[in-house]
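Trainee: Here is my input; please provide its structure:
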Amino acid sequence: MFCPKCGSLLRSKKNASGELVLYCPEHGEIAGKEIKLRDSVKKKEKRIILPSEKEQKEAEESKLTAKEVCPKCGNNEAYVEIVQTRSADEAPTRFLTCKKCGHKWREYS
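Mentor: Model prediction:
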């Protein structure tokens, strides 16, 4: 919260009766601003949603492929992803993944 007079970040302190109050370093205590403390944190349940086998197969089939020889197993087909990793005036980088063994490598154009 911020001071309505000067916009400074308000700080907290205990007043004479032991209550937490907000105050501005420049203007002092801000009336009517209460601080409520919580003893616990609410946690949300996380749900992990995995794609179905059909969705995984469709995603696999939609990937770009190229005739590139895998340096690990010699297979001649790989998935290709082209990413601009350097400045815009330089050629993009090709990331390749072997369709047979899953080996990953990159080529700079």
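Trainee: What is the least confident helix or strand in the chain?
Mentor: Across the helices and strands of the chain, mean confidence by mean pLDDT, DSSP states H and E is lowest for strand 28-34: a mean of 64.
Trainee: Tell me how far the next helix or strand after it lies from the chain's centre.
Mentor: Heading C-terminal from strand 28-34, the first helix or strand you meet, by DSSP states H and E, is helix 53-61. Between the centre of helix 53-61 and the centre of its chain there are 25 Å (C-alpha atoms, centre = their mean, to the nearest Å).
Trainee: What residue spans form the domains of the protein?
Mentor: 1-37, 61-108 (automatic domain parsing).
Trainee: Mean neighbour count and distance to Lys43 added to the ones you listed, as JSON lines?
Mentor: (Each C-beta comes from the backbone N, C-alpha and C, glycine too.) Output for those, formatted as JSON lines (neighbours: other C-beta atoms under 10 Å; distance: least, C-beta to C-beta, whole Å):
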{"stretch": "domain 1-37", "mean neighbour count": "11", "distance to Lys43": "18"}
{"stretch": "domain 61-108", "mean neighbour count": "13", "distance to Lys43": "36"}
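Trainee: worst average pLDDT in these?
Mentor: Among the domains of the chain, domain 1-37 has the lowest mean pLDDT, at a mean of 76.
Trainee: just to revisit the earlier point, could the domains of the chain go into JSON lines alongside distance to Lys46?
Mentor: Output for these, formatted as JSON lines (distance: least, C-beta to C-beta, whole Å):
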{"stretch": "domain 1-37", "distance to Lys46": "26"}
{"stretch": "domain 61-108", "distance to Lys46": "28"}
